[in-house]
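Q: No letters, just coordinates:
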């Protein structure tokens, strides 16, 4: 139960970073592709933060080298592709239906929540499985 509470808190922190990253990008860039650029920027911020938090606090993973850490990050990112589709589709659907920033961000939070639940299981079984077996 403690693991799930920790995971939920760290996921909430990464979600907040993602949404703040989006909002900051929208303030900085108002061009023709502002919305997709902001979503991509927020996704990048959230991805990097979530990787650092997951490997340290959830999976207690220690890479043997920078190359090992890089390879693990690539695998972590690949596992996140499907969950990112869930997140982006939910956010886009809320934007298309409601046309407000608040509802788009609510859609982002819901999509991220579902995505993180799926991602935990992918990471546990494919990305950090050796770290868990060593514990």
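A: Thanks, I have the structure now. Worth saying up front: this structure is predicted, and the values here are computed from it rather than measured.

Q: Enumerate the positions of stretch 32-50 that are buried.
A: For stretch 32-50, a neighbour-count test (16 or more other CB atoms under 10 Å) marks 37, 38, 39, 40, 41, 42, 43, 45, 46, 47, 49, 50 as buried. Any C-beta I mention is one placed from the backbone N, CA and C, and that applies to glycine too.

Q: Is the closest residue in space to the third one that isn't next to it in sequence part of a helix or strand, or is it coil?
A: To tie it back to what came earlier, the one meant is residue 39. Spatially, and ignoring its direct neighbours in sequence, residue 39 is nearest to residue 22 (6.0 Å; CB to CB, 6 or more residues apart in numbering). Assigned by DSSP: H, G, I helix; E, B strand; the rest coil, the conformation of residue 22 is helix.

Q: Any regions of the chain where pLDDT drops low?
A: 130-135 (pLDDT under 70).

Q: Which parts of it are helices?
A: Ranges of helices in the chain, per DSSP state H, are 2-28, 34-53, 66-98, 101-122, 129-134.

Q: So the residue nearest to residue 39 sits against residue 107, correct?
A: No. Taking contacts as CB atoms under 8 Å, residue 22 lies outside contact range of residue 107: 11.7 Å.
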